[in-house]
Every structure is written in C-alpha cells, then in structure tokens.
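1. Sequence and predicted structure are below.
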Amino acid sequence: MDSLDFKLYEVNGILHRKLEANPKIFETAVRDFCDGVVKMNGNDDQLAAALSGFGMDQKDSAKDDKEEKEKAKQAVPTWQQSLKIGKRSEDDDFHSVTGIAVHPSGDIALIDKNDNMDADWNRGSPRVYVFNPDGTQKFVLNSTDSKESPVGKLVNGQGIAVTNDGKYLVADGTTDVKVFDAAGTYLESFSTLSEDVHKGIKKSSRCVTVNRNSGEVLVGDFHRELVTVHNGDDFKLVKEIHVGLQPVHVAVNKKNQVAVCMMMHEPAEVVAVNFFYRVLSHKRAGGKVVAFDYSGDELFTIVPIMGDELAKPYGVVYDSDCGLYVAVTKFDISSRLAKPNTGHIHYYNSSGEFVKCVAKGLYWPLGMGIGKDLLAVADKQSARVFKPE
C-alpha cells in the first residue's frame, strides 16, 4: 500500500466515524471528497485543507471523546474461547457451518448446509446438529416426517434460531421456515409470503431470529431483499420490512431495532477510480450491516475495517444492552471472498459506533448466537463457544 492510500484509509475512518449517523451524508461527502483528493498527489497540506472543509483535522478522531470511548471499552468484556465443536471431535470436520443458536437449556444447535459433501466437493445436504453445553452431540434434527412423506426434509437450510419456548426454527432457503420441537422432531412449516404475493417469484429464506421481548420471528428473504415479521404463536405474517439489499444474517433487540448483515452486488463503476473506488465498491460488492426500526427507517450503517484493510461482515447478534456483535474477516477485493484465518468479532454500541474487538483467531466466522455469559460462533468448519474473561 503506498503512502497516499494509507492516508486515505485514515481519511475514510475519520469520515466514517464523523458521519456514520447519517449514511446518506457519508455517501455524498466521500463522493465530493474523492474527486479532489486524487489531485493532491499525497500533499499533506492539501490533505489537511480538504479535511478542514469538513470541520476536521487529521488528529480529530484521536481526540474526540477519548475518555468516554475508553470507559465504553472497559465496560465490554473480551471473550475467551472455552469450547470448540466438530462433528465427531474438536476436528474441523464440518463443511459449511452457516448458522448457530443457543437453546434456553444451554444446548448449542448448528446447521451445516453442506453436510456429507463428498471428496470431489459435490454439494451435500443440510443437517442440523444439537450439542450439549459440554460439546457432546445430543441429536440430529429429524429432517423427515416419514419415508412416505418427507415434508420436514431440509432443502437448503442456512439459518437457525430458537423460540422463547424452545422450538428450533430453520430458514430453509425457500419460502418456508421449518419448525422442530425441543427434542428435534419436525412439527410444521410456515410461509414467509403474504397471500397476495405471486407464488412463482424467486425467494429465499436465508436467516431467522427471534425477538426475545415479543416472541416475534424475523426472517431475512435473500432474493426479495426484505425481512418478514411473524407472530410468535401461529407464525402468521405481521409485516414486511424492505431493506433494499440481500440479507445474510439478521438480529433484533429489545427496542425493536433490526440489524441486517447484507450482500451487495451493485456495479463498482458508479464511483470514481481512486482510493474511494475501493472503499465504496467494497460497500457494494462486499457487504455492510444496516440497522432499521420496524417501520423500515434506517438508523445507522456499519462498514467494518480491520486495521488498514477492508473487512467483510457476516454474522450479527444483539446483547441485552442493545449492543451489537458483528463477525468479520479480512476481505479479498478481487475474489469478493473472505480471507480465511482472519476472523474477528467486533462490538458496536446501540448507535452503531465501534467499541472494541472482543475476539480474534477465528477461521471464517458466519452466524452467531448468544446466551447467558456465552457467545456461540459458526466458524465454517467448526463451532466455537466463547465466555467472558
């Protein structure tokens, strides 16, 4: 990375922190700023002058609310791995653990979307495993109602959640979410479509979570670019929250704020070819986390950065204080994929401001689940359980 690029990483961080409360202002600011910054050729005086136009200087981010931020960091625990779970042992022998949930009993449920993949990497079938709190396997969810009528069979399961009364919910990559009882027996399925929606449209229930206050179930529809809200008792559709991008993971807190981790595929050519081309094309092609209220109004946007490199967000989960954990990895711009063995868990406050990194050393963290003094992470080839230090 050359010196100008490094300076611009710093500039992007300042702009992001100062303007993240209003993403629309952030977009406009960097578009205007990037046109001028490429003409500077790394000149420090010009860079400082440009920053002063935003009412900032290059040391601004280090001075602002330093004591408050330090107190906030101290209040948030760092998490230490207490358990690693593989299919048969602690080996990394799952193929693609994408979703994970913590049962009220303390059991850990995870979904391997490509279980039984063969040696030639032909895709397997999704399967949900449930483990005791000590990591010993308890059972596999019954994925068929009977051999004659396999209505409970998983098709393309990727997300999992647990209701307040202990039922397992699996977002199955179709219009349906499948429901299993606490013993793993298939009960029913419910649709994410309203009656007036054409049944032939492309749709995909990619992720699912539960509002612990109301019991409502929220499902992210990847292809329709929305989150559906369902009654917690009969799973009937209550409303749709249009988020405008493809949800990969979803979380909700006690204030009914919905955090959605999103995939984006807009053309990168919409931004001028300079450093901000890279930053903003990452926002479109890589991913971001956006928080909404139940009305669909945007509250804040998180575009994570790890050091001086772009980061790709995957899983999200709220704690009881409405703080948000985000699973991130470093990001390869050319492949649009994560860089394995670079996984972190970042913590943001209820306003979407970065507080601290709470865990490192993960392979490729995807979904997350939270329980009492417990954070469970689907780490692609295994599951990891963290407890506060």
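-> Great, that's in hand.

2. Report the buried residues of stretch 373-389.
-> Neighbour counts using 16 or more other Cβ atoms under 10 Å place 374-386 of stretch 373-389 among the buried residues. C-beta: built from backbone N, CA, C; applies to glycine.

3. Also stretch 212-223?
-> 216-222.

4. So which of those residues are in strands?
-> Residues of the buried residues of stretch 212-223 located in strands (DSSP state E): 217-221.

5. end-to-end on stretch 321-337?
-> This stretch, stretch 321-337, spans 32 Å end to end (Cα to Cα, to the nearest Å).

6. average pLDDT across it?
-> Mean pLDDT, stretch 321-337: 85.

7. do stretch 167-175 as well
-> pLDDT averaged over stretch 167-175 gives 91.

8. Over to stretch 300-311?
-> Stretch 300-311 shows a mean pLDDT of 84.

9. what comes up buried for it?
-> Under 16+ other Cβ under 10 Å, the buried positions of stretch 300-311 are 300-306, 310-311.

10. Could I get the CA-only coordinates of it as PDB?
-> Output of stretch 300-311 as PDB, limited to C-alpha atoms (Å, rounded to 0.1, in the frame of the first residue of the first chain):
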ATOM      1  CA  PHE A 300     -27.200   3.500  11.100                       C
ATOM      2  CA  THR A 301     -24.800   1.700   8.800                       C
ATOM      3  CA  ILE A 302     -21.600  -0.200   9.700                       C
ATOM      4  CA  VAL A 303     -18.900  -0.700   7.100                       C
ATOM      5  CA  PRO A 304     -16.200  -2.600   9.200                       C
ATOM      6  CA  ILE A 305     -12.400  -2.100   8.700                       C
ATOM      7  CA  MET A 306      -9.700  -4.200  10.300                       C
ATOM      8  CA  GLY A 307      -6.600  -2.100  10.800                       C
ATOM      9  CA  ASP A 308      -5.800  -0.700   7.400                       C
ATOM     10  CA  GLU A 309      -7.700  -3.400   5.400                       C
ATOM     11  CA  LEU A 310     -11.200  -3.800   4.300                       C
ATOM     12  CA  ALA A 311     -13.400  -6.300   6.300                       C
END
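
11. Break down the protein into its helices, ranges please.
-> 3-19, 23-37, 44-52, 60-63, 66-75, 275-285 (DSSP state H).

12. quick one: which of those helices has the weakest pLDDT on average?
-> The minimum mean pLDDT among the helices of the chain belongs to helix 275-285 (a mean of 38).

13. Can you find the helix or strand in the protein with the smallest mean pLDDT?
-> Scoring the helices and strands of the chain by mean pLDDT, DSSP states H and E places helix 275-285 at the bottom, with a mean of 38.
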